[in-house]
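Undergrad: pasting a predicted model and its sequence here:
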Amino acid sequence: MMAESTVDEKTPAKVIFGNYELGRFLGRGSSAKVYQARHLPSGDSVAIKVFPNPRRPAGHPASASDSFIREISALRRLRHRHIVRLHEVLASRSKVYLVLDHAKGGELFSRIENHGRPSEALARRLFHQLISAVAYSHSRGVFHRDLKPENLLLDEAGDLKVADFGFAALRRSSDGDHLLRTQCGTPTYVSPEILMGKRLTDGYDGAKADIWSCGVILFVLVAGYLPFNDSNLMSLYRKIHRGRHRCPRWAPPDLRRLIARLLDPDPATRISIDGILRDPWFAQGLDADQRAALMRPLVDEQKPQHHAGAGQLNAFDLIAFSPGLDLSGFFAEGETADSDRERFTTFEPVDRVLDQVERVGKGEGFVVRKEKEEEKEVAASTVVERQNGELIVRVEVYRLAGGVAVVELEKGGGGGGAFCREKLRPALCQPLGGGRWPQV
């Protein structure tokens, strides 16, 4: 454990952990402070979120209510162009530090507050990016539960980054029940079923709750004000339960219909992600391939480049795959290290592995496509997904010295766990050409 540098809002330490030079104070949340910082080895600008690290008796499990545990557990599953990326987790005796993307454009809330509502075209583009991030999160079993303009950041290009997963809920299994029961979120953005709390005996669907919040955000983008607002909290709740809102007169009919379907107080009839993707207002200017691409994550360009240009990993790089060396793994409360990923090694040629993935995936009626090889240590990356772009599994092959390779399966939602367990894993674990498949 490295010695901790004192972090204070007024006089932050210049350098922490030898790697990060802290800059200006960016803001304060309910349980953390955020600073701009510079990663000294690369010179990149990052944001560092600083949480007090609660002291617990030895062997006492972390509380699921701790926002930093929720945030780490969620962000370690997510890798998407419109979601703030968790680069590193550091800890001292009294604090936990999350190293995140620095969104230089600030909060979407501030942008609306300072410049007014955006144009319809810009609102549509931002909503495309929001739905892309939310759909991907849901496919990875992560439900945000506190979507609002204050938690939507803008980068230097004006593109959206979803942040602050402190209220996130994680599905324990790719195929399991994901009904939730915890009341959380911001009242003006929270769905009616969350407000019901204990009265909703069967729980609520985290995906439908997020879609409601997306509807409120779209309304704010278009109108510049909230669809449901009242100084009296009980009156506000009644308005939300009724779902009655009045769109501004300048909103076109297609947009009004979409907002009404998003702000349907009945989650059973509320529009789904697939419905949003097919909606005329949302789909304006998008072809089928572009709509499917909204569901796809960006190939990870931010993993450490172990040996840039070498194209192979050695034994030390293989050790880095171990979850025991990833500090974020210590905070994944309630999860196993391989809940959404598994790895094994093979002596088989890469093309044979990928041919088998393609055969099994297409045999189940899925789309199989190769991704760009943007990471030099990745020999190949192939994605199996549904026709609508929902991730089933990503297969990445990493080269090792001596003709060995590591195969990593990153499972998505919507049957990803079952597909890997029942179809893909058995097929890949059968030697394709006389090779061996030792476990990592």
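TA: Right, received. Where do you want to start?

Undergrad: I112 and G224 touch, don't they?
TA: Yes. Applying CB atoms under 8 Å as the test, I112 and G224 come out as touching, 6.6 Å apart. Every residue, glycine included, has its C-beta placed from N, CA and C.

Undergrad: who's more crowded, those two?
TA: Taking other CB atoms under 10 Å, I112 and G224 do not tie; I112 has more neighbours (16 against 13).

Undergrad: tell me, what residue is most central in the protein?
TA: L78 (3.7 Å; CA atoms, centre = their mean).

Undergrad: after the lowest-mean-pLDDT helix or strand in the chain, which helix or strand is next?
TA: None of the helices or strands of the chain scores lower by mean pLDDT, DSSP states H and E than helix 315-320, at a mean of 44. Next along the chain after helix 315-320, taking DSSP states H and E as the criterion, comes strand 341-346.

Undergrad: what's the helix or strand just after that following strand packed up against?
TA: Next along the chain after strand 341-346, taking DSSP H and E as the criterion, comes helix 350-363. Helix 350-363 is packed against strand 367-370, strand 378-385, strand 391-399, strand 405-411, helix 425-428, with contacts defined by 3 or more CB pairs under 8 Å, 6 or more residues apart in numbering; DSSP states H and E.

Undergrad: can you put these in TSV and add mean neighbour count?
TA: Output for these, formatted as TSV (neighbours: other CB atoms under 10 Å):
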stretch	mean neighbour count
strand 367-370	16
strand 378-385	22
strand 391-399	24
strand 405-411	22
helix 425-428	16
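
Undergrad: per-residue pLDDT of G285, please?
TA: pLDDT, G285: 81.

Undergrad: and if you look at R145?
TA: With respect to pLDDT, R145 has a value of 92.

Undergrad: SS state for the closest residue to it other than its chain neighbours?
TA: In space, R145 comes closest to F167 once its chain neighbours are excluded; the distance is 4.5 Å by CB to CB, 6 or more residues apart in numbering. Using DSSP: H, G, I helix; E, B strand; the rest coil, the structure places F167 in coil.

Undergrad: tell me, how many residues neighbour F167?
TA: With other CB under 10 Å as criterion, F167 counts 21.

Undergrad: I figured it hits F68, correct?
TA: No. The criterion here is CB under 8 Å, and F167 misses it with F68 at 11.9 Å.

Undergrad: by how many degrees do the lengthiest helix in the chain and strand 405-411 diverge?
TA: What stands out as the longest helix in the chain, according to DSSP state H, is helix 120-139. Using axes from the mean of the first three to the mean of the last three CA atoms, to 10 degrees, the inter-axis angle of helix 120-139 relative to strand 405-411 is 110 degrees.

Undergrad: which elements pack onto helix 120-139?
TA: Under the contact definition 3+ CB pairs under 8 Å, 6+ apart, helix 120-139 sits against strand 160-162, helix 206-223, helix 273-278, helix 280-283.

Undergrad: buried residues in that helix?
TA: Within helix 120-139, the residues that count as buried by 16 or more other CB atoms under 10 Å are 120, 123-139.

Undergrad: only C-alpha atoms, please: export that helix in PDB.
TA: Presented in PDB, the C-alpha positions along helix 120-139 are these (Å, rounded to 0.1, in the frame of the first residue of the first chain):
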ATOM      1  CA  GLU A 120     -34.400  19.100 -32.600                       C
ATOM      2  CA  ALA A 121     -31.500  17.700 -34.700                       C
ATOM      3  CA  LEU A 122     -29.100  18.000 -31.800                       C
ATOM      4  CA  ALA A 123     -31.600  16.600 -29.300                       C
ATOM      5  CA  ARG A 124     -32.100  13.600 -31.600                       C
ATOM      6  CA  ARG A 125     -28.300  13.000 -31.900                       C
ATOM      7  CA  LEU A 126     -27.900  13.200 -28.100                       C
ATOM      8  CA  PHE A 127     -30.800  10.900 -27.600                       C
ATOM      9  CA  HIS A 128     -29.300   8.400 -30.100                       C
ATOM     10  CA  GLN A 129     -26.200   8.400 -28.000                       C
ATOM     11  CA  LEU A 130     -28.100   8.000 -24.700                       C
ATOM     12  CA  ILE A 131     -30.100   5.000 -26.000                       C
ATOM     13  CA  SER A 132     -27.000   3.500 -27.400                       C
ATOM     14  CA  ALA A 133     -25.300   3.600 -24.000                       C
ATOM     15  CA  VAL A 134     -28.400   2.400 -22.100                       C
ATOM     16  CA  ALA A 135     -29.200  -0.400 -24.500                       C
ATOM     17  CA  TYR A 136     -25.600  -1.600 -24.100                       C
ATOM     18  CA  SER A 137     -25.600  -1.300 -20.300                       C
ATOM     19  CA  HIS A 138     -28.800  -3.400 -20.200                       C
ATOM     20  CA  SER A 139     -27.300  -6.100 -22.500                       C
END
